[in-house]
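A.B. asks: got a predicted structure here, sequence first:
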Amino acid sequence: MEQVQEPARQGYAFAWSAHRNPEHEQAMLRVWMGAAVLVAYLAYAWFHPTHDAAEMVIFVAVYVVYGAASLIAVRTMAGPSRVRLVITTIADQALVAIGIAIGGPLGLPLLWVVFWFLIGSGCRYGKTTLAVSCATALVAIAALAAWQPWWQANRPAALGVALSVLGASVYLSVLVDRLGNANRDLARQASTDPLTGLSNRYALEQTIGRAMSAISTDAADMSALLLIDLDGFKEVNDTYGHATGDLLLQGFAALLTRRMRKTDTVARLGGDEFVVLARHVPDRAAVLAVADSIHAMLATLTSVEDRTVRVSASVGACMIYGGVGAQFRDIATLMRAADRAMYRAKTLGQGQTVFADGSDFETN
């Protein structure tokens, strides 16, 4: 059975989605943050026209140019690049260290930028990029303590900053793990039926959308949607109560999960309605075989907690194919066609399968 994809793995923990591009956000921050720092140093240089102040203004101006170049690169290059991400992560911390080295005491206000980049790396990209940023910052601080005159004279301060960077990175790493796990749990809950553990309607529609997109580019590929309604479920509920009915639904869901192929998706729409999305089926005969297996497994489901039950299924099957004569317009049309076929199956008696025809796809 196809599993619902979990969002965001470690490399880009909270990052890449349909609506967010964290690399673009980071590049924009370089420009705006650099511009704000440039304005601050320009103001300082205006009132304190020293050589160090002039050097800091030039350096920050160069950093703004770098930020603009990174923004252009992100906008013009296709998709995310791990190599580019590593390079810019190292460059961010290295350039801050160069600025601090140039300015000496005047560059100390830039220390907050070191922690800004740590937070950005962890929250946007995850633990791996956070580790790269942390390691670069620690190497940079060690270099300052070894070669920059002010830091040579204040090595305890360098040690304190290094320990602060390390401590902040460890804490951020733990936070990233917890937030990542929370996001995955929320995503799983949002896409899972709480009673049966199957995909819910939302997750099913996402999967159908991907299937329809794949089929539209490969006319030789076909899938089928089987809408299943349990006959006799109401009687079980009325006779034994909802607790037994829930156990029946859970038992049927477990049977479906075990019997379907790994490429198929099994979902519960609600109540006693289930759906199987059968992928890569050659023809109607193969889909009918899937439906027959569903009828057969229900025939084996004869008791729940030693209480006799008799349930069968009415199945509405809808073929999904692309190319010339593609019959679907959207997911709603497809689901409606399968639903109409399922109700026709009910009129034929218990345990029947009916395929959707052209009239089932009409809106009226």
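C.D. replies: All right, it came through fine. Numbering: from 1, shown residues only.
A.B. asks: please count neighbours and contacts with C-alpha atoms only from this point.
C.D. replies: Fine.
A.B. asks: which residues in the stretch 201-350 of the chain form helices?
C.D. replies: Using DSSP state H, counting those that start in this stretch, the helices assigned to the stretch 201-350 of the chain run over residues 201-217, 233-240, 242-259, 284-300, 331-347.
A.B. asks: scratch that, the stretch 1-150 of the chain is what I was asking about
C.D. replies: So, for the stretch 1-150 of the chain - with DSSP H, counting those that start in this stretch - the helices run 22-47, 51-76, 82-103, 111-125, 127-147, 149-153.
A.B. asks: show me what the helix or strand that the last one is followed by is packed against.
C.D. replies: With elements assigned by DSSP states H and E, the helix or strand that comes after helix 149-153 is helix 155-190. In this structure, helix 155-190 packs against helix 111-125, helix 127-147, with contacts taken as 3 or more CA pairs under 8 Å, 6 or more residues apart in numbering; DSSP states H and E.
A.B. asks: again, only using 6 Å
C.D. replies: Judged by 3 or more CA pairs under 6 Å, 6 or more residues apart in numbering; DSSP states H and E, helix 155-190 is in contact with helix 127-147.
A.B. asks: put the alpha carbons of the helix it packs on into PDB.
C.D. replies: Only the C-alpha atoms of helix 127-147 are listed here, as PDB (Å, rounded to 0.1, in the frame of the first residue of the first chain):
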ATOM      1  CA  LYS A 127      20.900  19.800  11.300                       C
ATOM      2  CA  THR A 128      23.400  19.200   8.500                       C
ATOM      3  CA  THR A 129      23.600  22.800   7.300                       C
ATOM      4  CA  LEU A 130      23.500  23.900  11.000                       C
ATOM      5  CA  ALA A 131      26.600  21.800  11.600                       C
ATOM      6  CA  VAL A 132      28.400  23.400   8.600                       C
ATOM      7  CA  SER A 133      27.500  26.900   9.800                       C
ATOM      8  CA  CYS A 134      28.600  26.100  13.400                       C
ATOM      9  CA  ALA A 135      31.900  24.500  12.300                       C
ATOM     10  CA  THR A 136      32.700  27.500  10.000                       C
ATOM     11  CA  ALA A 137      32.000  30.000  12.800                       C
ATOM     12  CA  LEU A 138      34.200  28.000  15.300                       C
ATOM     13  CA  VAL A 139      37.100  27.900  12.800                       C
ATOM     14  CA  ALA A 140      36.600  31.600  12.100                       C
ATOM     15  CA  ILE A 141      36.700  32.500  15.900                       C
ATOM     16  CA  ALA A 142      39.800  30.400  16.300                       C
ATOM     17  CA  ALA A 143      41.500  32.200  13.400                       C
ATOM     18  CA  LEU A 144      40.500  35.600  15.000                       C
ATOM     19  CA  ALA A 145      42.000  34.500  18.300                       C
ATOM     20  CA  ALA A 146      45.200  33.500  16.600                       C
ATOM     21  CA  TRP A 147      45.800  36.400  14.300                       C
END
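A.B. asks: list the buried residues in it.
C.D. replies: Residues 127-138, 140-145 are the ones in helix 127-147 that count as buried (16 or more other CA atoms under 10 Å).
A.B. asks: over to stretch 235-244?
C.D. replies: 236, 244.
A.B. asks: can you classify residue 195 by secondary structure?
C.D. replies: Recorded secondary structure, residue 195: coil (DSSP: H, G, I helix; E, B strand; the rest coil).
A.B. asks: turn the helices of the stretch 1-150 of the chain into JSON lines, columns for distance to residue 259 and mean pLDDT.
C.D. replies: JSON lines is the format used below for the helices of the stretch 1-150 of the chain (distance: least, CA to CA, whole Å; pLDDT from 0 to 100):
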{"stretch": "helix 22-47", "distance to residue 259": "42", "mean pLDDT": "90"}
{"stretch": "helix 51-76", "distance to residue 259": "46", "mean pLDDT": "91"}
{"stretch": "helix 82-103", "distance to residue 259": "40", "mean pLDDT": "91"}
{"stretch": "helix 111-125", "distance to residue 259": "39", "mean pLDDT": "88"}
{"stretch": "helix 127-147", "distance to residue 259": "39", "mean pLDDT": "94"}
{"stretch": "helix 149-153", "distance to residue 259": "68", "mean pLDDT": "93"}
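A.B. asks: ok, which of these comes nearest residue 332?
C.D. replies: Comparing these against residue 332 with CA to CA, the closest turns out to be helix 22-47 (33.1 Å).
A.B. asks: look up how far residue 30 lies from residue 359.
C.D. replies: Counting by CA to CA, to the nearest Å, the separation of residue 359 from residue 30 is 58 Å.
A.B. asks: the two - which one has more neighbours?
C.D. replies: residue 30 (22 against 10; other CA atoms under 10 Å).
A.B. asks: before we move on, the earlier item: what would the helices of the stretch 201-350 of the chain look like in JSON lines with distance to residue 62 and mean pLDDT?
C.D. replies: Shown next, in JSON lines, are those (distance: least, CA to CA, whole Å; pLDDT from 0 to 100):
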{"stretch": "helix 201-217", "distance to residue 62": "45", "mean pLDDT": "79"}
{"stretch": "helix 233-240", "distance to residue 62": "72", "mean pLDDT": "90"}
{"stretch": "helix 242-259", "distance to residue 62": "59", "mean pLDDT": "91"}
{"stretch": "helix 284-300", "distance to residue 62": "64", "mean pLDDT": "92"}
{"stretch": "helix 331-347", "distance to residue 62": "52", "mean pLDDT": "90"}
